[in-house]
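Q: Got a sequence here, can you build the structure:
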Amino acid sequence: MTNKLWFQVGVGIILALVIIRLFIEVQGIFDPLFIIAGTIFVPLLLGGVLFYLTRPILNFLMKKKFPKWAAVLTVLLSIILVFYLFYVMIGPIVTDQINTLVENGPEIVESVEEYGQYIFDQRDRLPDSIEEQLDGMTGQIGDSLGDVGGWILAFITSFVSGVITLVLVPFFLVYLLVDHKKFVPFVSGFFSGERKRWIRKTLHDIDETLQAYIQGQLFVSFLVGLMLLIGYLIIDLDYALLLALIGMATNVIPFLGPYIAVIPAIIIALVQDPIMAVYVAIIMLVAQQIESNFITPNVMGKSLDVHPLTVITLILAAGNIAGLWGIILAIPVYAVIKTIAKNVYARRSEIRNTATRDIE
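A: This is a model prediction of the structure:
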């Protein structure tokens, strides 16, 4: 019975639950580790993203017989050059649009309040449950607006965290570029024979999965931002570049990204001309249809093929567990787990077939 898959899975689940329970009981001991992990999490994540984006350049330079230090230095200088060109070409336009948006902020807020007041004035015609939710939203908005001190403290904390991140990201990136090939031999060195070969193959597949997701998702987000920019320019929407950049940034959030991006665009459109809100919604709908039906399947292929219902379930669960970072990381984590599961299944099938041949 101990050789049965269902028995092994059941024992594994029980042991995992016991470990989680014990961990919860003594989690106070690990608080310093949580603080350290929380400090390096974002820099390590950003460094990993930059690593997967720039590794093709590093590999190309290494094939051209560049010394490793020269190839790494070239990659770093290329990153600096890209950010500098972005700052020179797009920075002034974005800065001007942000300044204009700040100057027109009171007018925009007033317009939004008018639309909101109109909606609240109609609440008597709505069902009681929706009316109670609107009243609750009003109270929450009022409490949030009154907590100015909390906003200031949060801004200071975010600023300090941002500075630390900017300092640490280059260090993580350099170490990943220099020593990334040592990771697989180090891990597989604890094993031997067929198990060592399986470990190396699994780690290689995980690496390819993460590379496909990161490179593909960022490229797709860039194309979505470009389509939004073209659409916003066609309808002459105010702050078109700024809103397109917001759409490009939020598109990295699976499923929810487009809905988050369209909110500020619709608000600006309502202030500019109510009919433009309809145009903005149409542009976002067309861009997302093109992205989901043509761009993503051709860019990422079938390596990360995940059913939409699975995506929604993962996002909702991860959002409740870990907030925004859970939403962003849910799909790549699921893809990694799926890759591991495929390799485990393939390994078990290989062992079973080998045993069958030996018996025959």
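Q: Please count neighbours and contacts with C-alpha atoms only from this point.
A: Fine.
Q: what's the least confident helix or strand in this structure, going by average pLDDT?
A: helix 128-146 (a mean of 52; mean pLDDT, DSSP states H and E).
Q: who touches Phe190 in this structure?
A: Contacts were defined as C-alpha atoms under 8 Å, 6 or more residues apart in numbering; by that measure Phe190 touches Lys196.
Q: name the element it belongs to?
A: When secondary structure is defined by DSSP states H and E, Phe190 falls outside every helix and strand.
Q: Run through this protein and note the low-pLDDT ranges.
A: Low-confidence segments of the chain, defined by pLDDT under 70, span residues 1-5, 26-28, 30-31, 34, 37, 111-164, 299-308, 355, 357-360.
Q: Show me the strands in the chain, by range?
A: Read by DSSP state E, the chain holds no strands at all.
Q: and Asp236, backbone torsions?
A: Backbone torsions for Asp236, taken as degrees, to the nearest 10, come to phi 60, psi 50.
Q: doesn't Leu226 make contact with Ala287?
A: No. Counting by C-alpha atoms under 8 Å, Ala287 stays clear of Leu226, with 9.5 Å between them.
Q: How many neighbouring residues does Ala265 have?
A: Taking other C-alpha atoms under 10 Å as the criterion, the count of residues near Ala265 is 25.
Q: Quick check: it vs Gln288, distance?
A: Distance of Ala265 to Gln288, given as C-alpha to C-alpha, to the nearest Å: 15 Å.
Q: Please apply the same query to Thr310.
A: 19 Å.
Q: cool, and Leu314?
A: With distances taken as C-alpha to C-alpha, Leu314 is found 20 Å from Gln288.
Q: could you check the distance from Ala244 over to Ile13?
A: Between Ala244 and Ile13 the distance is 45 Å, computed by C-alpha to C-alpha.
Q: residues near Arg195, how many?
A: Counted with other C-alpha under 10 Å, residues neighbouring Arg195 total 13.
Q: Which parts of this structure are helices?
A: Counting by DSSP state H, the chain has helices at residues 5-25, 31-63, 68-89, 91-103, 105-121, 128-146, 148-179, 183-188, 193-234, 240-250, 257-272, 274-290, 296-300, 308-359.
Q: How far off centre is the longest one?
A: Once both centres are worked out by C-alpha atoms, centre = their mean, to the nearest Å, helix 308-359 turns out to sit 18 Å from its chain's centre.
Q: who does that helix touch, helix- and strand-wise?
A: Taking 3 or more C-alpha pairs under 8 Å, 6 or more residues apart in numbering; DSSP states H and E as contact, the helices and strands that helix 308-359 lies on are helix 193-234.
Q: Next, report how far the helix it packs on is displaced from the centre of its chain.
A: Centroid separation between helix 193-234 and its chain, computed with C-alpha atoms, centre = their mean, is 11 Å.
Q: Please find the angle between the direction vectors of that helix and helix 240-250.
A: Relative orientation of helix 193-234 with respect to helix 240-250: 160 degrees, computed using axes from the mean of the first three to the mean of the last three C-alpha atoms, to 10 degrees.
Q: so what secondary structure elements neighbour helix 193-234?
A: helix 31-63, helix 183-188, helix 240-250, helix 274-290, helix 296-300, helix 308-359.
Q: most tightly surrounded among those?
A: Of all these, helix 240-250 carries the top mean neighbour count, a mean of 22, counting by mean count of other C-alpha atoms under 10 Å.
Q: Please work out which residues outside that one touch it.
A: Residues outside helix 240-250 that contact it (C-alpha under 8 Å, 6+ apart): 93-94, 97-98, 221-226, 228-229, 232-233, 257-258, 260-262, 264-265.
Q: Now list the buried members of these.
A: Among the contacts of helix 240-250, the ones that count as buried by 16 or more other C-alpha atoms under 10 Å are 94, 97, 221-226, 228-229, 232, 257-258, 261-262, 265.
Q: ok, of the residues you listed, which one's closest to Leu17?
A: The shortest gap between Leu17 and any of the buried ones among the contacts of helix 240-250 belongs to Gly257, at 33.5 Å (C-alpha to C-alpha).
Q: Run through the residues that contact that closest one.
A: With contacts taken as C-alpha under 8 Å, 6+ apart, Gly257 has the following neighbours: Gly247, Thr250, Asn251.
Q: separation between the second one and Leu218?
A: In this view, Thr250 and Leu218 are 11 Å apart by C-alpha to C-alpha.
Q: Please apply the same query to Pro92.
A: Separation of Pro92 from Leu218 (C-alpha to C-alpha) stands at 23 Å.
Q: Repeat that for Phe66.
A: Phe66 is 28 Å from Leu218, where distance means C-alpha to C-alpha.
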